[in-house]
Every structure is written in C-alpha cells, then in structure tokens.
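Trainee: build me a model:
(chains A, B, C and D)
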There are 2 protein chains.
Amino acid sequence: MFTLSEENYLKAIYHLELDTDKGVSTNAIAEKLETKASSVSDMIKKLSDKKVIIYKKYKGVTLTELGKKTAANIVRKHRLWEVFLVEKLNFSWDEVHEVAEQLEHIKSPKLIDQIDAFLGFPTHDPHGDPIPDKEGNLKTVDKSLLSTLLKNESGICIGVDDSSSEFLQFLDKKGITLGKKITILDKEEFDNSLSILIGEKKLSISNKIANNLYIKKS
Amino acid sequence: MFTLSEENYLKAIYHLELDTDKGVSTNAIAEKLETKASSVSDMIKKLSDKKVIIYKKYKGVTLTELGKKTAANIVRKHRLWEVFLVEKLNFSWDEVHEVAEQLEHIKSPKLIDQIDAFLGFPTHDPHGDPIPDKEGNLKTVDKSLLSTLLKNESGICIGVDDSSSEFLQFLDKKGITLGKKITILDKEEFDNSLSILIGEKKLSISNKIANNLYIKKS
DNA sequence: AATTATTTTTAGCCTTGTCTAAATATTATT
DNA sequence: AATAATATTTAGACAAGGCTAAAAATAATT
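Mentor: Numbers count the residues shown, from 1 in each chain, chains lettered A, B, ... in the order given. Okay, the predicted model is just below:
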C-alpha cells in the first residue's frame, strides 16, 4: 500500500512521463508538486525501494510496470469521481478537480467499480481526458490543438489542455463546451488569433485559448 | 482546519461523551482509538489549544460547542456516505463502515450538501443511527433494547447497537432488517433468551443479540 | 491514614515528510 | 578544455503523530 504522499508523487511522475520520452527530472517533479527538489530526492529513494520507479542518480526516474499501473489507477479514480460530481451532483467542470484530488485516494476497489457501473462506464472525464481502464490502459484518441487547424477546417471540441477553473469558466462564458462543432473562419497572422464558428455563433479566439482546446478533426 | 488524526479523536470523544455525563477519560479514548494513553495525552493538548475541548489535567475532557459541532459534522458525513453506499452503490449494511471512515474526511461543503440532496435528505443511516443536521443537532428517537421488552410486547426494529459486520451478517441470515415488526412470544428466565415473531417467522434469539437490537415500541 | 493499584502525564525516542544550506554532478558556454 | 551555470543530492533540522518506560497524581483498600 502507498501513502497519500507516495500516491501524489506517482501521479505527478505519471503525468510528466506522458510529455517526454526521457526520464522525469527531480526538478520537474518538484515544480509539479510545488515542493523542493531535496524533498523529491528523498521520496525518489522510497519509491525506488518500493519498486515503482527506476532511479539512477542524477538521471531522472521512470515508472516501472507496477508504478504505471498504480498511478493509472489513481488517475482512473480521479476521473471517475469527476464524472460522478458533474453527472450526479451538479458540479460544474471547473469545480471538480479539487474534490477529486481528495476522493482519488479513497481505498476501496468495490467503491470505484460500483461508481464506474453507476455512471455507465464512462470513457472520458468532464474535461475530455480519457479514463484508464482497470488494467491502466488509456485509449488514445487523435486530437489536435485548435491552434493547429487551418482555415476552413472544422472539428468537434473534445477536450482541454489547461483545466484551471479560470480557463473553464472562460469557456463557459463563451459557450464553448465539449461536443460542440468548431469551424475556423479565419486565422490572423499578426497575433495568431482565430475567427471561429461555434454552433450558430461567430467568435474571436486568442492564440492562448486556441492552444488549450483539443479538437477531433472532421 | 483539522488533521485526519484530530478529526478521529474528535469523533471518538463525541461518541464517548454520549455514553456518560462525566468527562471522557484518557484511557477510554485510547481504547476506542486503539492507541496508547500517552499518545492521547499529547493529542489532548493540541485539541485543547485549538479550543475544541476543555481539558483539566487528570480530569478527562469535554467537547466545547465548537468541538461538538465539528465532531457532529464528521458523523454527519460518515452516515450520509453510508446511506449513499447502500442506496446507490449496492453495498450491504455490513460493508459500509470501513469505506465511510475514509469518506467522512473529505473536505467539501458542497459535496456533502449535494449528496444529502441526492439521497433525499435521509434522517437515519443504514444501521438506524440518526444523521446530525448541518448545525450538528441530533433528533433522538425513543428506542428500547429488544432485551427490555416484555412478553407479548411488540415494536419495529429501528437500529443496532453493535454494527460489526459479523453481527450485521448474522441479522441478514436470520432475516432481521430495519423496519420489521417484532413481537416477544416468550422470555426464557434461564438464559434470558427470547422467542420472537418477526414477519411470519418464529425465531429464538439469545440475550446477546437482544442486547444489540433497538426497537421502537408500538 | 497509610499503602497499594490504577490512571494520567512526562521524558525521550522513532518515523514520515518536509525544509534550508551546503556539497557534488552534470550541462552549457566561452 | 576550463569555467560558469544549473541540477541534484546530502546533511542536518523540524513538526506531526506515534511509541515505551518512568514519574506523578488520583482512586481504592486495608
């Protein structure tokens, strides 16, 4: 079994590993967890002893199979709880993260299985992120950042990269939600802003926004 | 805010205080939490500093109003989660305690309010224990131990004293569930066992069982 | 009232997880 | 290749929460 702190480290390493092919650096973990590199160094030794990461001094860490499975299971719980909060308890998608951060550490296989069934075995969380299956496998969808679409291309909004509540509330205000069809009407060279059609509405979208919205091209 | 450990101490003191009119002793707390008296002594100082208990050396402790409210809120969460597990996730009443012990520490006022509403504002948990309201008030029902009923008296089974899974599974096996009507057919002087009528069935019940079942006389 | 038994507290130590400051490796730059 | 900059680890400290063993206070008995 893993402590709360160990679980949080595993999750951080899991997420960081998705963004790189090399080992995950001490500093990267420290930054993600808002802690100090020295603390990370200490924890790395513990996790290495527990056979969930491979660790060579000064060379960064990689999750073992056991580590990956353990981390994926925590992510699975996090995302299932997020779905539960939105679908059953009327939370909005910008409110769920903090609570799910707590709920993901509840230890009860039956609980999470039942939640999964209760929700009808969802495949994605409210931000469009895929929910790992029980074995820890993620089904990867081919998604593109809105900013990479060309003029006159279109697709369905399927996820966000940044899921801070500020960004999500901004999207709500603009009427941008998962499942909506988006068409690029025009691209502005000067500041890389976009003119898009979403539903019936025309909107102007900054590059920053376009860099945080995932689209499934159609 | 309170730590996990502080919350568990508050809850223990809260429960122990219901059984006595005097202060709660260090030893009693230690026994309830399966820890050592010296650890309790340490924690008592911390809780006293935080103004949730009144503490006079060697004299036992009493919850302050703040302490009572805090503890009642944890109990409220515990019992609401138990209802949720049984009503929505197909847990049986002997499986819920352990998971609720974890869930009761989740910090999110909105979450527990929504769970409450989702469940239709239940007043009692699956073992018949009352759920404190938001202000921490318990509505006390007048309940009698089955063992105190006289021959030919009858009532409705409304709760259990011992909620260990062994006892609850025993009750399941015998078909004894909350809400059922029970009539005392006979009392055996020798071993204080009872002959009862529950639903259509006649059962013989030991004194130990009868001392752990609450009845609302009718 | 004096002595014994029990309860409670104190003192000192341990583990987990964190930190700062200093030392050491590695990487980048001239 | 030598030096500067950055990243990482080590050493030592601290707080929370727990423990054992010993001391002190209270309660029970004779």
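Trainee: drop to CA atoms for contacts and neighbour counts, all remaining ones
Mentor: Noted.
Trainee: for chain A, which segments count as strands?
Mentor: Using DSSP state E, the strands of chain A run over residues A:53-55, A:61-63, A:144-145, A:154-160, A:181-187, A:194-198, A:201-205, A:213-217.
Trainee: quick one: which of those strands is nearest DNA strand D?
Mentor: Closest to DNA strand D of the strands of chain A, according to CA to the nearest atom of the strand: strand A:53-55, at 7.3 Å.
Trainee: what does the closest one contact?
Mentor: Strand A:53-55 has contacts (CA atoms under 8 Å, 6 or more residues apart in numbering or on different chains) with A:I44, A:K45, A:L47, A:S48, A:V61, A:T62, A:L63, A:T64, A:G67.
Trainee: DNA strand D contacts on chain A?
Mentor: A:25-28, A:37-42, A:56-60 (CA under 7 Å from any atom of the strand).
Trainee: narrow those to those in helices?
Mentor: A:T26, A:N27, A:A28, A:A37, A:S38, A:S39, A:V40, A:S41, A:D42 (DSSP state H).
Trainee: A:F190 - how many residues pack around it?
Mentor: By the measure other CA atoms under 10 Å in any protein chain shown, the count of residues near A:F190 is 6.
Trainee: closest to B:H124 out of the strands of chain A?
Mentor: B:H124 lies closest, by CA to CA, to one member of the strands of chain A: strand A:154-160, at 40.8 Å.
Trainee: give me the pLDDT value at A:V141.
Mentor: pLDDT recorded at A:V141 is 82.
Trainee: which one in chain A is furthest away from the centre?
Mentor: When distances are taken from the C-alpha mean of chain A, A:F190 lies farthest, 30.7 Å away, according to CA atoms, centre = their mean.
Trainee: now, the most widely separated pair of the ones in helices among the residues of chain A next to DNA strand D?
Mentor: A:A28 and A:D42 (14.7 Å).
Trainee: more neighbours: which of those two?
Mentor: Neighbour count, other CA under 10 Å: between A:A28 and A:D42, A:A28 has more, with 16 against 10.
Trainee: for A:L185, what are its contacts?
Mentor: By CA under 8 Å, 6+ apart, the neighbours of A:L185 are A:K151, A:N152, A:L194, A:S195, A:I196, A:L197.
Trainee: so among those, which ones count as buried?
Mentor: A:L194, A:S195, A:I196, A:L197 (16 or more other CA atoms under 10 Å in any protein chain shown).
Trainee: so what's the residue nearest the centre of chain A scoring on pLDDT?
Mentor: Geometric centre of chain A, nearest residue: A:D129, 5.4 Å, by CA atoms, centre = their mean. In this model, A:D129 is scored at 96, pLDDT.
Trainee: one step back: with pLDDT and distance to chain B added, can I get the contacts of strand A:53-55 in JSON lines?
Mentor: Converted to JSON lines, the contacts of strand A:53-55 look like this (pLDDT from 0 to 100; distance: CA to the nearest CA, whole Å):
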{"residue": "A:I44", "pLDDT": "97", "distance to chain B": "25"}
{"residue": "A:K45", "pLDDT": "97", "distance to chain B": "26"}
{"residue": "A:L47", "pLDDT": "97", "distance to chain B": "24"}
{"residue": "A:S48", "pLDDT": "96", "distance to chain B": "27"}
{"residue": "A:V61", "pLDDT": "97", "distance to chain B": "31"}
{"residue": "A:T62", "pLDDT": "97", "distance to chain B": "31"}
{"residue": "A:L63", "pLDDT": "97", "distance to chain B": "28"}
{"residue": "A:T64", "pLDDT": "97", "distance to chain B": "28"}
{"residue": "A:G67", "pLDDT": "97", "distance to chain B": "23"}
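Trainee: understood, closing this out.
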